[in-house]
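A.B. asks: pasting the sequence and the predicted coordinates here, then a few questions.
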There are 2 protein chains.
Amino acid sequence: MAEKQHRMTRQRQIILETVKGLKTHPTADEIFGLVRKRLPRISLGTVYRNLDILTEQGIIRKLDTAGQQKRFDGDVSPHYHVKCVKCGKIDDLYFELPQPSSEWSEKTSFQILEYNVELLGICPQCQKGPSHH
Amino acid sequence: MAEKQHRMTRQRQIILETVKGLKTHPTADEIFGLVRKRLPRISLGTVYRNLDILTEQGIIRKLDTAGQQKRFDGDVSPHYHVKCVKCGKIDDLYFELPQPSSEWSEKTSFQILEYNVELLGICPQCQKGPSHH
DNA sequence: CTCCTAATCAGGAATTATTCTTATTCGAGG
DNA sequence: CCTCGAATAAGAATAATTCCTGATTAGGAG
Ligand SMILES: [Mn+2]
Ligand SMILES: [Mn+2]
Ligand SMILES: [Zn+2]
Ligand SMILES: [Zn+2]
């Protein structure tokens, strides 16, 4: 069973560069907007397809945060995220959170594979005052 | 600024009874299917609207799990969830987690409010073998 | 009990994010 | 160069959820 070949197209290259060049955890359509400046004829479907391929390859990360729109991350090093409950902004957290204990697994009949942790908070900007629209 | 009045309609009552009567963390359309047996003329929009109202009132819980479809929980006591990556089934986990520590807030500019943990695993049924469709 | 009216309803259209389809183009190994 | 499977653009399709409209109703006032 040979692995599926992946060609490096101009589209895929620029999508990758764009995601790697951001620290903002962009949505697919934000990436689309940026890539479009360099490749005006690219389609949204191409962006989605390549984001998924790059995620499968482990070159970028697709965040499974709650919410309607998926977000992507060019930083695949292990870290957590905190989301602003007011404006939805996402920031990185490079410290350790409570490690899953075996005790957790003992309390369920499920075979545990992984743990998702998402912190919720208020970003500096939204702390200053109610967002003025 | 008077609070918005909420009437207890037959629809809302039966939706509430249905959610409270399940331990399965149903989606809106699953609830719709069940409620429909007792109220054949109810609309899906009414189910969504009432689930949101009941959630606002804190009578039920809307789970912010990753994934496309939202799920609801009639158990509002504090607990966590584990989701089967094969069939999507959700189970309850009643253990304690440490409170967000001030140490966390020092390492980010966000004001940390809370954190969600979602475990991913394989349910007993799916462990037995590949789901036979 | 009867009235009144804001809250709610049913039905269906609209929105939003994502995936799928199809005919055409292209990257890269030979 | 040639070849061919992978990839693309364009747009249709899907799926979950929200919104809109005109009709209905819960429940407090009288
Ligand atoms: Mn990140
Ligand atoms: Mn639960
Ligand atoms: Zn914010
Ligand atoms: Zn399962």
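C.D. replies: Right, received. Where do you want to start? Ligands and ions are numbered 1, 2, ... in the order given.

A.B. asks: okay, buried residues for stretch A:112-128 please.
C.D. replies: A:112, A:115, A:116, A:117, A:118, A:119, A:120, A:121, A:122, A:123, A:126 (16 or more other Cβ atoms under 10 Å in any protein chain shown). Using the backbone N, CA and C atoms, a C-beta is placed for each residue, glycine as well.

A.B. asks: is any part of it close to ligand 3?
C.D. replies: Yes. Stretch A:112-128 lies within reach of ligand 3 by Cβ under 5 Å from the ion, at A:123, A:126.

A.B. asks: how about residues contacting that stretch?
C.D. replies: Stretch A:112-128 has contacts (Cβ atoms under 8 Å, 6 or more residues apart in numbering or on different chains) with A:64-66, A:80-87, A:89, A:91, A:93, A:97, A:100, A:104-105, A:131, B:66, B:82, B:85, B:100, B:104, B:108-122.

A.B. asks: could you do stretch A:77-88 as well?
C.D. replies: Applying Cβ under 8 Å, 6+ apart, the contact partners of stretch A:77-88 are A:25, A:63, A:65, A:67, A:89-94, A:97, A:117-123, A:125-126, A:131, B:108, B:110, B:112-113.

A.B. asks: now do the end-to-end distance for it.
C.D. replies: 22 Å (Cα to Cα, to the nearest Å).

A.B. asks: want to throw the buried residues of stretch A:112-128 into a markdown table with distance to residue B:10?
C.D. replies: As requested, the buried residues of stretch A:112-128 are arranged in a markdown table below (distance: Cβ to Cβ, whole Å):
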| residue | distance to residue B:10 |
| --- | --- |
| A:112 | 42 |
| A:115 | 42 |
| A:116 | 39 |
| A:117 | 41 |
| A:118 | 37 |
| A:119 | 41 |
| A:120 | 36 |
| A:121 | 40 |
| A:122 | 40 |
| A:123 | 43 |
| A:126 | 41 |
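
A.B. asks: closest one of those to ligand 2?
C.D. replies: residue A:116 (15.9 Å; Cβ to the ion).

A.B. asks: is that closest one in a helix, a strand, or coil?
C.D. replies: With DSSP: H, G, I helix; E, B strand; the rest coil as the basis, the three-state label of residue A:116 is strand.

A.B. asks: thinking again about what came up before, out of the contacts of stretch A:77-88, which are close to DNA strand D?
C.D. replies: Among these, no residue sits close to DNA strand D (Cβ under 7 Å from any atom of the strand).

A.B. asks: from those residues, which land in strands?
C.D. replies: A:63, A:90-93, A:117-122, B:112-113 (DSSP state E).

A.B. asks: end to end, how far does stretch A:103-113 reach?
C.D. replies: 14 Å.

A.B. asks: list the buried ones in the lowest-mean-pLDDT helix or strand in chain A?
C.D. replies: In chain A, no helix or strand scores lower on mean pLDDT, DSSP states H and E than helix A:102-106, which sits at a mean of 78. Going by neighbour count (16+ other Cβ under 10 Å), the buried part of helix A:102-106 is A:104, A:105.

A.B. asks: do it and chain B meet at all?
C.D. replies: Yes. Judged by Cβ under 8 Å from any Cβ of the partner chain, helix A:102-106 and chain B are in contact via A:103, A:104.

A.B. asks: separation between the residue of chain A found nearest ligand 2 and residue B:123?
C.D. replies: Nearest residue of chain A to ligand 2 (Cβ to the ion) works out as residue A:108 at 12.1 Å. Residue A:108 is 9 Å from residue B:123, where distance means Cβ to Cβ, to the nearest Å.

A.B. asks: state the distance from the residue nearest the centre of chain A to ligand 4.
C.D. replies: For chain A, the residue nearest the mean C-alpha position is residue A:72 (2.7 Å; Cα atoms, centre = their mean). According to Cβ to the ion, to the nearest Å, residue A:72 stands 27 Å off from ligand 4.

A.B. asks: lovely, talk soon.
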